[in-house]
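**Student:** Quick one: sequence and predicted model below, then my questions.
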Amino acid sequence: MTWDDGSTDGAYPAGLDGLAPGGPAGDAERLVDAGADSEDSAVEAALRPKSLAEFVGQPKVRQQLDLVLKAARQRGASADHVLLSGAPGLGKTTLSMIIASEMGAPIRITSGPAIQHAGDLAAILSSLQEGEVLFLDEIHRMSRPAEEMLYMAMEDFRVDVIVGKGPGATAIPLELPPFTLVGATTRAGLLPPPLRDRFGFTAHMEFYEAEELERVVHRSARLLDVAVDEAGAAEIAGRSRGTPRIANRLLRRVRDYAQVEADGHITREVAGRALAVYEVDERGLDRLDRAVLQALLKLFGGGPVGLSTLAVAVGEERETVEEVAEPFLVREGLLARTPRGRVATPAA
């Protein structure tokens, strides 16, 4: 391969501080990735709040959802179907569990990609108990036949099960007990209007303020039995990209550092040294983010440059740069997407 600076055979482009192709994100999981891995899922189960009163942040969503749930309890009925949208790691799954807890109902958890046929959805719906909460994560990725079956189930609490094939096929109506569907999506725009309109309550999850994330860090530290002072919690919160999941992950890594390299107490200095080891800077940028900005500024003079060219320069796939690095850089005002390509802003 020939790079823009003339080097070949896998050598890195000049000016990227020795980042080999595939290096920025390919050699390890990103600490600031908002997606959940297996370790996150295990830890989050213990850290999740159990009620709306314990839930930190999202004040408007909490207030509105509290009214919806209280009204349903007073009527003795199932709550309206709820759609939660927003970036990963902001608490959509946690809120779904809180809805079930507040309603005193069991919860069943599945995801859109797991439902590829209408029969998959029919099997789940037909086994629901009255008042049960069905949490459907990444609902926008459900197959179209299952989606169309869900319309009737949400509105009329009924599904038609097709028996047989061809001209002899028969539709058998199956009555369902009243239930509450909680749908979660990171891409609300991909939901078809007929499905979106069937939700009685729709909420968009916003990114958290630093003060809210400090409260998240303090709460998680208590549950993990970790000593952290105000300045230490503020340092972790400030590098968490407005996302509680990232704040909890950084807290665990800083805890490890404090346990091994310090006295176990997390201060601002300890948190700063720990996150420097994991290459997360004061703004929450990691190696991949900085590699994208360095390539854009040093190799291409700030742009504009095409996405594919930028991806080659940092040794990553086009999708990785577009879906993993760019959203945060755009939100922070460090990078702009224009019709001519990617451009570095003055802040970069």
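**Tutor:** Nice, I can see it.

**Student:** okay, CA-based contacts and neighbour counts for the rest of this
**Tutor:** Noted.

**Student:** wait, isn't Gly57 in contact with Glu211?
**Tutor:** No: using C-alpha atoms under 8 Å, Gly57 is not in contact with Glu211, being 9.3 Å away.

**Student:** between those two, which one's more packed in?
**Tutor:** Gly57 (21 against 15; other C-alpha atoms under 10 Å).

**Student:** show me what contacts that one?
**Tutor:** When contacts are counted by C-alpha atoms under 8 Å, 6 or more residues apart in numbering, Gly57 touches 208, 212.

**Student:** Need the pLDDT of it.
**Tutor:** Gly57 carries a pLDDT value of 85.

**Student:** Please apply the same query to the one 3 residues further on.
**Tutor:** As summarised for this prediction, Lys60 has a pLDDT of 91.

**Student:** cool, Leu16 as well?
**Tutor:** pLDDT for Leu16: 38.

**Student:** can you start the count at 21 instead of 1 from here on
**Tutor:** Right, with 21 as the first residue, what we last looked at is Leu36.

**Student:** if I read this right, Arg303 contacts Ala257, doesn't it?
**Tutor:** No: applying C-alpha under 8 Å as the test, Arg303 and Ala257 come out as separate, 10.3 Å apart.

**Student:** neighbour count winner among those two?
**Tutor:** The residue with the greater number of neighbours, taking Arg303 and Ala257 and applying other C-alpha under 10 Å, is Ala257; the counts read 30 against 11.

**Student:** what's the helix or strand for the more buried one?
**Tutor:** Per DSSP states H and E: Ala257 is located in helix 250-258.

**Student:** tell me how far that helix is from the chain's mean position?
**Tutor:** 22 Å (C-alpha atoms, centre = their mean, to the nearest Å).

**Student:** Which strands and helices lie in contact with that helix?
**Tutor:** Of the remaining helices and strands, those touching helix 250-258 by 3 or more C-alpha pairs under 8 Å, 6 or more residues apart in numbering; DSSP states H and E are helix 230-244, helix 264-281, helix 288-297.

**Student:** Could you check how sure the model is about the longest one, as an average pLDDT?
**Tutor:** Pointing back at helix 264-281 there. 88.

**Student:** Over to stretch 174-185?
**Tutor:** Mean pLDDT, computed over stretch 174-185, is 75.
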